[in-house]
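> take a look and give me a structure for this.
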Amino acid sequence: MKPAPFRYHRPRSLADTLQLLVTLENAKLIAGGQSLGPMMNMRLVQPAELIDLNALAGLDLIAEKDDFLEIGALARHHAVESSTLVKKHCPLLAEAAGTIGHYAIRSRGTLGGSLAHADPAAQLPLVAATLGAEIVVNGKRGERRIAAKDFFVSMMTTALEADEIVVSARFPKAAAGDRHAYLQFSRRTGDFAIVAVAAVLHSRKLRLGIGGAEDKPLVFEDFSAHEDPQAIARKVREAVQPTESPRVPALYREELVEVLVKRAVARCLTSI
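Residues are numbered from 1 along each chain as shown. Just a heads-up that it's a prediction; the model follows:
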């Protein structure tokens, strides 16, 4: 299928972009287009106005700050995956980015697009929530920073206002001695995860993120490295409440959560 008719805009500055968002009705932002493009082709969404962000300079930067990495909204998944800075200071993010779709998708898809789309099975929202990242957005009221736990509201719904745009995300740097694991289960390579688990071990404390099980990433941070991985996995399984689906029964997702959490925790612990 082909998308419904729309008008195309290609602003050259963030200010121009924000002005378009204020003045245009039924407008959508597009950068990589890996989610919006197919949805438009199937006419699941029919924007009257399409605002292309690719001419905005500087929004693809990956920069090291005092205690965090700031990654621009237009940074491609492949750039995040292959960045020396990300591998060094945020290895969980680099590993997860490398599992997104196929190479062609990673070459076009963007960090900001994935965060704003907020698919509960997507890798980057899960990692952002697990690591306690900050999402930087800008709009007519100026810049604001939203904790990832507050940014993701429900399935494909975020705290973004209609006139706001994701500018960047700030990920805390991993400390020396931190351990991490990322595991996901998909039917085929490149598919969205049925369940994904991100784990971080910091100062003998475990932080676990679960993707795909509910309508937004879930984060658990009350576990200790002294606990048995199987016991942790059972507790997380009991806490999640997957949606029943004809294609993927809730019980199946619960079992995947338990298996993947156990493996992720064991991987963190055995790497000490």
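
> tell me the domain boundaries of this structure?
Annotated domains of the chain cover 7-51, 62-172, 179-270 [automatic domain parsing].

> out of those, which is closest to residue 1?
Smallest distance to residue 1 across these (Cβ to Cβ): 5.3 Å, for domain 7-51. (C-beta placed from N, C-alpha, C; glycine too.)

> would you pull up how far that closest one lies from the middle of the chain?
Relative to its chain's centre, domain 7-51 lies at 20 Å (Cα atoms, centre = their mean, to the nearest Å).

> and stretch 83-97, by the same measure?
Centroid separation between stretch 83-97 and its chain, computed with Cα atoms, centre = their mean, is 14 Å.

> can you point out the buried residues in it?
Buried residues in stretch 83-97, counted by 16 or more other Cβ atoms under 10 Å: 83, 86, 89, 90, 91, 92, 93, 94, 95, 96, 97.

> the lowest-mean-pLDDT helix or strand in the chain - contacts with which helices or strands?
Of all helical and strand segments in the chain, the minimum by mean pLDDT, DSSP states H and E falls on helix 36-41, at a mean of 92. The contact analysis (3 or more Cβ pairs under 8 Å, 6 or more residues apart in numbering; DSSP states H and E) places helix 36-41 against strand 27-30.

> contacts for the strand it packs on, please.
Residues outside strand 27-30 that contact it (Cβ atoms under 8 Å, 6 or more residues apart in numbering) are 17, 20-21, 36-37, 45, 47-53, 116, 165.

> which among the residues you listed end up buried?
Buried among the contacts of strand 27-30 by 16+ other Cβ under 10 Å: 17, 20, 21, 36, 47, 49, 50, 51, 53, 116, 165.

> for those, which one is nearest residue 205?
The nearest member of the buried ones among the contacts of strand 27-30 to residue 205, counting by Cβ to Cβ, is residue 116 at 30.2 Å.

> turn the domains of the chain into JSON lines, including distance to residue 1.
As requested, the domains of the chain are arranged in JSON lines below (distance: least, Cβ to Cβ, whole Å):
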{"stretch": "domain 7-51", "distance to residue 1": "5"}
{"stretch": "domain 62-172", "distance to residue 1": "20"}
{"stretch": "domain 179-270", "distance to residue 1": "21"}
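
> alright, that wraps it up for me.
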